[in-house]
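[1] Let's see this in three dimensions:
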Amino acid sequence: MRSDDDSKSISSDSQLTIPEPLRFYSALDEEMFFHGLTSIAAIKSYVVKNGRPDKGRPNLVVLMLDKPVMEDVSLMNLIGLMARYSLDMSSLASQASEDNAVWFKDNKAYWFKNIFPSKTSK
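    Numbering: from 1, shown residues only. As a prediction, this is how the structure comes out:
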């Protein structure tokens, strides 16, 4: 289900770009990452854009979402998957809304400093 083609049918408002892990430890590890993505209800498909992993710039994964802001369960699952692979979560800040602010912007949550680095106290 991995795709390297652009999707023209989904609005850019319903896309979210995340980094791909710089390294997979086996073919099964890579398969499980992408299976995890496609198991999240809000993610309809994805496109992998080539980065420069050899230069420390990961491939990018453009997620096609069913709507611009994911439902709570989907967002929680994506946070968990990205945390498992130690991915930069700053792109998830775009998923903040009035409806999820209570839990998503909780500054005591394990993901907070990774998603909202400018809001953490130094």
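
[2] neighbours around the closest residue to Lys67 other than its chain neighbours, how many?
    Spatially, and ignoring its direct neighbours in sequence, Lys67 is nearest to Ser14 (6.1 Å; Cβ to Cβ, 6 or more residues apart in numbering). (Glycine included, C-beta is placed from N, CA and C.) Neighbour count of Ser14, defined by other Cβ atoms under 10 Å: 17.

[3] Val69 is in contact with Ser14, correct?
    No. In this structure, Ser14 is not within contact of Val69 by Cβ atoms under 8 Å, at 9.4 Å.

[4] just to revisit the earlier point, need the pLDDT of the residue nearest to Lys67.
    Listed pLDDT for Ser14 reads 93.

[5] Return the set of residues that bridge with the residue nearest the centre of the chain.
    Using Cα atoms, centre = their mean, the residue of the chain that lies closest to the mean C-alpha position is Ile18, 4.4 Å off. Taking DSSP bridges as the rule, Ile18 bridges to Val61.

[6] Could you pull up the contacting residues of it?
    Going by Cβ atoms under 8 Å, 6 or more residues apart in numbering, Ile18 touches 60-61, 63, 78, 82, 87-89, 91-92.

[7] for Ile43, same thing?
    Counted by Cβ under 8 Å, 6+ apart, Ile43 has contacts 37, 63-66, 74, 78.

[8] What of Leu81?
    33, 36-37, 40.

[9] Can you give me the buried ones in stretch 38-58?
    The neighbour-count check on stretch 38-58 (16 or more other Cβ atoms under 10 Å) flags 40, 42-44, 46-47, 51, 58 as buried.

[10] Work out the gap between it and the centre of the chain.
    Centroid displacement of stretch 38-58 relative to its chain, using Cα atoms, centre = their mean, to the nearest Å, is 8 Å.

[11] From the opening residue of it to its closing one, how far?
    End-to-end distance of stretch 38-58: 20 Å, with Cα to Cα, to the nearest Å as the criterion.

[12] Just the buried ones from the contacts of Ile18?
    Among the contacts of Ile18, the ones that count as buried by 16+ other Cβ under 10 Å are 61, 63, 78, 82, 87, 89, 91-92.
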